[in-house]
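Q: this is a predicted model, with the sequence first.
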Amino acid sequence: MTLLKEPLKNSLKKSWLKYSESKITVLGLVIVVGFALLACVGEHVVPYPEHIGSFVDFANASRPPNLRHPFGTDLIGRDILSRIVGSFRNTLLMGVIVLCISAPVGFIVGVVAGYNKGKLIDTVLMRLTDIFLALPPLVLALAIASVLQPNMINSMLAITVMWWPWYARLSYGVASSLRTENYIVYAELTGAGMFHILFREILPNCLSSLLTKMTLDMGYVIIMGATLSYAGLGEQAPKPALGSMISQGVKYMPAQWWFTVFPAIAIIVIILGFNLFGDGISNMLGADES
Amino acid sequence: MPSLFITVLKRLGWALVVLVGLSMLIFSLMRVIPGDPARLALGPSAPEEVVERYRERMHYNEPLPVQYYYWLKDVTQGDFGVSTVTKRGVLQDLREFLPATLELVIWAGIPPIFFALLLGVLGAMYKNRWPDYLIRFCSYIIIATPTFVWAVLFLLIFGYWVPILPSIGGRLTMGFQVPPVTGLMVLDALMAGQPAAAWDAFTHLLLPALALSLGHTMQEARLTRSYMLENEGKDYITMMTSQGVPRKVINRKYLLKPSIIPTVSIMGLDIAAIFGNAFLVETIFNWPGMSRYAMSAILGKDINAVCGVVLVLGVIFIATNLVVDVVVMVLDPRMRQSRSK
């Protein structure tokens, strides 16, 4: 145990040194951790927890930012700060769930096609991938989301359907270049099955690029989710979502500018955090290769 | 370049396969919508026998593959059906709305590339000095801002607070008359010899195009910068420097070309993403384009219109990628060889 502990500590330290090489990525980590914490315990720390749901207080409706409501109140008197924080959990879940489904699905499609390069299954799987890539991702996601009931789960589903092809492409590239490597050929000669080769030989080689892509994609998935929610195809009222808060606010611009501006800033900060975090992770994992 | 020609031909063949697949995908997607398409088209007050006759005429009673066959037969003859929202032929609608979107996407997609390359090269030249830091700082913020947020913020700032640019009100100020030739307003106005109208059309384009292009521009700039720096460390550059080739010549003739290839090769995807983001931007700026039409079609479950728009977008996307691939193959001889084998 003691033998193991030391190198682990060292490697963690080394990883941290690589991650924090660029100071700005540390800021990303701070934003991501803060966001994740708020997503978990948000309703216990916001000033007006009951405002996250359906709550009406016409006496305090449409108040500009003030000391009691730093981001102002919305059309029916709910505290906008509380609602922004209240939407964090779904925003985070959106990113995590979409990536945790689309990455494995894409990996399996890509790696099976790549390992069987040139065979029929390769052609079928990769042309299928191309079909999904032949449209702007937002368009098909919008079409799928509109066919289904507009809610959070279905918008996740719509984005997942659009996202796996990218992971298929990535794994395809790795698998098709690795399949002629000696260690794979030897594994085949010793009678290893396809399952073993795909998951025990190829997967470890894809893992760091898959993880890097997943952290870099977090921000984009959140953007897609917010965009669907802006179009009215995400979380429905009275639950808060950053996209729908902005689209509601647009109708009351410019007089009630705080309806729009603060949720917009929240989105920008969250995505900035994840993008910086993703850069840090790719510095950390990619440094070995270059 | 015979190999280039064959590659393109092969690519076209596969593009056709992908397009047919796409049409199947969107067709079945739009047919599994809960609700009766005939009822949706005719409205709740239509008598049942009329709905039944409509169902019969549109083959809605047949199994899905048969329906697809009839639909595809019509589509190949240029008949996309009738839109249930506008009550006009989808093709007619597309013909009216597509040019506005094309103009927007062209302005949002092509001129910013030069800014992106410029910023990328500047960033690489002034690595870790203030211009580089400034560009990087801006790019982080700009990339983190979703397109629809840009559009909303521009509307708030330039539409209401400092109203110096037209933000809601279509493509041209009332009063200008531009004869439609290409459908691209700025070009049409210039060809008709009306510089004032061209300028007016341009100012209408500016905000939506900017909202659409900012994120991609900065991303392309980042990519260019990192490839410039990567290539700078390569042996052939070191050799030229040691042979005394002037820095400027190296930069312009030998460093730039390999460094912009990756940027050019993601352009196809960027343009596709711009088409997608145009869905919201056109709605926000009230831009009379195909995307705003498609957005209302999607939300209104207008089956024929959605299928039509998706197919047109698929064709545009495949064509763009083909062009980009050819450009990359022309720029990069290695791509030509590996593809032709």
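A: Received it, and whenever you're ready, just let me know what you need.

Q: show me which positions of stretch B:143-156 end up buried.
A: With burial defined by 16 or more other C-beta atoms under 10 Å in any protein chain shown, the residues of stretch B:143-156 counted as buried are B:143-156. To be clear about C-beta, it is placed using only N, CA and C from the backbone, and glycine gets the same treatment.

Q: now, the residues you listed that are in helices?
A: B:I143, B:T147, B:F148, B:V149, B:W150, B:A151, B:V152, B:L153, B:F154 (DSSP state H).

Q: leaving aside the residues next to it on the chain, what's closest to the residue of the stretch 201-341 of chain B found nearest chain A?
A: Across the stretch 201-341 of chain B, no residue is closer to chain A than B:G276, which sits at 2.9 Å (C-beta to the nearest C-beta). Nearest residue to B:G276 in three dimensions, chain neighbours excluded: A:P136, at 2.9 Å (C-beta to C-beta, 6 or more residues apart in numbering or on different chains).

Q: cool, B:P179 as well?
A: With C-beta to C-beta, 6+ apart as the criterion, B:P179 has its nearest non-adjacent residue at 5.5 Å, and that residue is B:A192.

Q: who's in contact with that neighbour?
A: Contact analysis of B:A192 by C-beta atoms under 8 Å, 6 or more residues apart in numbering or on different chains lists B:V178, B:P179, B:V181.

Q: follow-up on the earlier one: so which of the buried residues of stretch B:143-156 also contact chain A?
A: Among the buried residues of stretch B:143-156, the ones lying close to chain A by the criterion of C-beta under 8 Å from any C-beta of the partner chain are B:I143, B:A144, B:T145, B:P146, B:T147, B:F148, B:V149, B:V152, B:L153, B:L155, B:L156.

Q: from the buried residues of stretch B:143-156, pick the one nearest A:G219.
A: B:A144 (6.7 Å; C-beta to C-beta).

Q: what's the per-residue pLDDT of the closest one here?
A: What the model reports as pLDDT for B:A144 is 93.

Q: that one against A:D279, yeah?
A: No: with contact defined as C-beta atoms under 8 Å, B:A144 and A:D279 do not form a contacting pair (11.6 Å).

Q: remind me which helix or strand residue 225 belongs to.
A: This is for chain A. helix A:203-230 (DSSP states H and E).

Q: switch to chain B, that's the one I care about
A: Under the criterion of DSSP H and E, B:R225 resides in helix B:195-232.

Q: what's near enough to touch residue 203?
A: You didn't pick a chain, so chain A it is. Contacts were defined as C-beta under 8 Å, 6+ apart; by that measure A:L203 touches A:F107, A:V111.

Q: wait, chain B was what I had in mind.
A: B:L165, B:P166.

Q: where does pLDDT dip in the chain?
A: Went with chain A since none was named. Residues of chain A meeting the criterion pLDDT under 70: A:1-6, A:287-290.

Q: chain B, not that one
A: Along chain B, segments meeting pLDDT under 70 span B:1-2, B:34, B:169, B:335-341.

Q: centroid-nearest residue for it?
A: The residue lying closest to the centre of chain B (C-alpha atoms, centre = their mean) is B:F275, at 3.3 Å.

Q: so B:P146 is in contact with A:L228, correct?
A: No: applying C-beta under 8 Å, one finds B:P146 not in contact with A:L228, separated by 11.1 Å.

Q: tell me which parts of the stretch 51-200 of chain A are close to chain B?
A: Residues of the stretch 51-200 of chain A lying near chain B (C-beta under 8 Å from any C-beta): A:127-128, A:130-132, A:134-140, A:142-144, A:146-147.
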